[in-house]
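Participant: okay, here's the prediction I keep looking at, along with the sequence it came from:
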Amino acid sequence: MKISTILRSLLIIIVGLPAMASAQTKWMNPTDANEPYICGRAWNKEMGKSYNRLPQRFKATVPGRIWGNSTMTAGLTVRFVTTSPNISVKYVCTSQSYGTFNLSGMVHSGVDLYGKAADGKMHWIGNHMRWSMKGDTITISFPKLSVPANRRTEYTLYLPNYNGVKWLTVGVDSKSYFQFMRQSKERPVVIYGTSIIHGASPSRPGMSIPNIVGREMGFPLINLGFSGSAYMEPAVFDMLGEIDARLFVLDPIPNSNNLPVAEITKRALAGVRKLRSVSKAPILLVENHPQPDSIFRADIANHYRRASQALHKAYKQLQAEGVKGLYYMYGSEIKLKEDDMIEGTHPNDTGCRAYAEAYKRKIRTILTKK
């Protein structure tokens, strides 16, 4: 094991308080079923016990970086109902690297828990540093929850944004009621995008843009954000076209800005045409967010602006062709401020919130019209 990994593991053990699972805990595995109890993906039954976001068959067709990103659990959740006031999560990640320069350890490799209170709303539950690591096994505990005795409470556990999961179990009091839940059978909203959609860079998984949107709008959402890899390749649209979506959101410009402007237009045209040939679902094209540091980095702002203009050109051409159910979100609709970014490329917690509010406004308008 690398020295840096050992030091990081020691830091987690030293800083974190001991997890609270005991001998009276029963451990439940969401993959112990013919169809795993994993929510947030389109091919759930096909993937069996894997926590990947894409089935194995796509490894041969999608670009390698997309496949690598698809092995990370961004946007995946485990939902369950229990009467237990004590909940623990024990899991092993596929990588023992637990953070990067612009990603906290918690959003990179941690889990995040929300519970549905008596008011019917989902509320965040902090772990208050009740975590530990033994070898490569991470345990995070949520003890002494304020729930009425024997009340069946619904929980959503968000999985790591930038790591994969080898195995995971949920621990509850041995005599409590427990049942995993499946994802709603409603058609999902599908978001294809970059690292911003994938889950960079809020402080924890539940604060990523797609997770906020899905949780607060109350419908299934599939996160197909692929960090550094959203270049609108034909194989990507073939993949998207397999999903019986309620709405497709295409947000590739934070990566696709690296393409020549004519190529951006060309790929957007081809992608929308492909989706429309197999689906009648609405399609939303999203421009790059505005650059909050544009006063001193006008060069970057202008570069992204040219890329968004190329996307808008595709939108206008598709409109002229009579493509139905096509929508557009301008960058100006995403109200980012200077303090909303990590390093100028990825939004922080407040930036993800601003981004999510823009998404919610636009999606609500589209689905109301539909």
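Facilitator: Yep, it's here.

Participant: residues near Ala60, how many?
Facilitator: 8 (other CB atoms under 10 Å). Where you see a C-beta, it was placed from the backbone N, CA and C, and this is true even at glycine.

Participant: how much space is there between it and Met239?
Facilitator: For Ala60, the distance to Met239 (CB to CB, to the nearest Å) stands at 12 Å.

Participant: which residues sit in contact with the closest residue to Met181 other than its chain neighbours?
Facilitator: Closest residue to Met181 in three dimensions, ignoring its sequence neighbours and counting by CB to CB, 6 or more residues apart in numbering: Arg79, at 4.0 Å. Residues counted as contacts of Arg79 (CB atoms under 8 Å, 6 or more residues apart in numbering) are 37, 39, 154-157, 180-183.

Participant: pairing partners for Arg79 in the sheet, please.
Facilitator: Thr156, Met181 (DSSP bridges).

Participant: hmm, back to that, can you say which of the contacts of Arg79 are buried?
Facilitator: With burial judged by 16 or more other CB atoms under 10 Å, the buried subset of the contacts of Arg79 is 37, 39, 154-157, 180-181, 183.

Participant: what's the helix or strand encompassing Tyr359 packed up against?
Facilitator: Element membership for Tyr359, per DSSP states H and E: helix 349-369. Contacts defined by 3 or more CB pairs under 8 Å, 6 or more residues apart in numbering; DSSP states H and E place helix 349-369 against helix 209-217, strand 247-251, strand 283-286, strand 326-329.

Participant: so Ser203 touches Asp349, yeah?
Facilitator: Yes. The criterion here is CB atoms under 8 Å, and Ser203 meets it with Asp349 at 5.4 Å.

Participant: need the pLDDT of the residue nearest to Met181.
Facilitator: With respect to pLDDT, Arg79 has a value of 98.

Participant: tell me the buried residues in the lengthiest strand in the chain?
Facilitator: Assignment by DSSP state E gives strand 165-173 as the longest strand of the chain. Across strand 165-173, burial judged by 16+ other CB under 10 Å covers 165, 168-173.

Participant: same question, stretch 322-334
Facilitator: For stretch 322-334, a neighbour-count test (16+ other CB under 10 Å) marks 323, 325-329, 331, 333-334 as buried.

Participant: just the CA atoms of that stretch, as PDB, please.
Facilitator: This file holds the C-alpha atoms of stretch 322-334, laid out as PDB (Å, rounded to 0.1, in the frame of the first residue of the first chain):
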ATOM      1  CA  GLY A 322     -39.200  20.800 -37.200                       C
ATOM      2  CA  VAL A 323     -37.800  18.600 -34.400                       C
ATOM      3  CA  LYS A 324     -40.500  18.500 -31.800                       C
ATOM      4  CA  GLY A 325     -40.100  18.500 -28.000                       C
ATOM      5  CA  LEU A 326     -36.700  20.300 -28.100                       C
ATOM      6  CA  TYR A 327     -35.800  22.800 -25.300                       C
ATOM      7  CA  TYR A 328     -32.800  25.000 -24.500                       C
ATOM      8  CA  MET A 329     -31.300  26.300 -21.300                       C
ATOM      9  CA  TYR A 330     -29.100  29.400 -21.600                       C
ATOM     10  CA  GLY A 331     -26.000  29.700 -19.400                       C
ATOM     11  CA  SER A 332     -27.500  32.900 -18.000                       C
ATOM     12  CA  GLU A 333     -30.200  30.900 -16.400                       C
ATOM     13  CA  ILE A 334     -27.600  29.300 -14.100                       C
END
